[in-house]
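>>> Provided below for reference: sequence and predicted model.
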Amino acid sequence: MAPPSHRRPGYSRKAQYSLFAAYVIAIAGAIFAALILLISVADPRGFAVLRSGAAELTAPIARFFDSARRSVVDVTHNMEGYFDAASKNAALNKRVKAQAAKLVEAQAIKLENQRLKALLDLSSDELIERVAVGRLISSTSSNSRRIATLSVGRNQGVLPDQPVRGPEGLIGRIIESGPNTARVLLLSDPDNVIPVLRLPDGLPALASGSGDGTIAIRPVDLGVNPFKKGNIIVTSGNGGLYPPNIPFARIIQKTPDGALAAPLANPWASTYVVVMKPYQEEAKAALSAAETPQTDKGGE
């Protein structure tokens, strides 16, 4: 049999006192509510005074709970703001990186435009003698030779023994040409010997590559060595291959028999280079004849 839902307190004094207190509180609450109701009906002004007093008494508690509620709301908003700021910060960092990449690209385009403009600013005589415009796309791996590959060849009119120059100055000369590529003997190659002049007095000298990126400058008159650091060297036009007055090199160190110079035109910093016709066509023929091995008549 199931036990009854409401048990009597029995002989437990604690249970009896608890039940008695509950009844007393309930009856007192009912009497107080009835009294308040009667006052509100019989004396509205007095009820308003009681209501104001109750509001004053409960105001500190209400303020405490309101402050607690606002604190919880503020913490929630701060957390939301933190996570929102973190996501916005990540987006801004991503945007900054993208803008930085675009800035580098814009600077590279600006530099390339400056070099193209420098090529276009060459004198009209040089433009008339221009054969083709191309890029230096590779170089030899040997330390003793300084040879580069050009992106244009015979199909564009490029032939051996044609000078090659960049916006800053002379690069070298063509030594071999294929259908769409050509090989360029750079100024720093030991086999490249070029007649030059010193500015502004026109002191004649011979320049030859040192094989290490520098150029050896030796005066024609071996009894004097007037070179100084910072002197500018240009082509003289002697020999007929290279046009005169093309910027060539700058003296960086004086030596016992001359000086060492650095090319003014860095081949790998020159985005575009110009292939030119020889200064004198006779020089090209003479150079080709000099490079052709002579037949040993005694062996015929």
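Good, I have the coordinates. Numbering: from 1, shown residues only.
>>> just checking, residue 258 touches residue 216?
Yes - counting by C-beta atoms under 8 Å, residue 258 touches residue 216, with 6.3 Å between them. In this view, the C-beta of every residue, glycine as well, is placed from N, C-alpha and C.
>>> residue 160: how many residues sit nearby?
Each residue near residue 160 was counted by other C-beta atoms under 10 Å, and the total is 17.
>>> tell me the pLDDT at it?
Per-residue pLDDT puts residue 160 at 91.
>>> repeat for the one 3 residues further on
The predicted local confidence for residue 163 comes out at a pLDDT of 92.
>>> that one: neighbour count?
Residue 163: 25 neighbours (other C-beta under 10 Å).
>>> just residue 212 next, same as before
As a burial measure, residue 212 scores 12 neighbours (other C-beta under 10 Å).
>>> checking my notes, it in a helix, right?
No - read with DSSP: H, G, I helix; E, B strand; the rest coil, residue 212 is coil and lies in no helix.
>>> tell me the spacing between it and residue 280.
31 Å (C-beta to C-beta, to the nearest Å).
>>> try residue 72
93 Å.
>>> more neighbours: the two, which one.
Each of residue 72 and residue 280 has its neighbours counted (other C-beta under 10 Å); residue 280 has more, 14 against 10.
>>> tell me who's in contact with the more buried one.
Applying C-beta atoms under 8 Å, 6 or more residues apart in numbering to residue 280 gives the contacts 240, 241.
>>> so, low pLDDT: which residues of this protein?
Across the chain, the ranges flagged by pLDDT under 70 are 1-11, 43, 45-59, 62, 81-83, 97-98, 100-128, 140-144, 270, 281-300.
>>> could you tell me how many residues sit around residue 148?
Neighbourhood size, residue 148 [other C-beta under 10 Å]: 22.
>>> that one touches residue 166, doesn't it?
No - the pair residue 148 and residue 166 fails to qualify as a contact (C-beta under 8 Å) at a distance of 11.4 Å.
>>> shared neighbours, those two?
Residues touching both residue 148 and residue 166 (C-beta under 8 Å, 6+ apart): residue 267.
>>> for stretch 147-163, buried residues please.
For stretch 147-163, a neighbour-count test (16 or more other C-beta atoms under 10 Å) marks 147-153, 156, 158-163 as buried.
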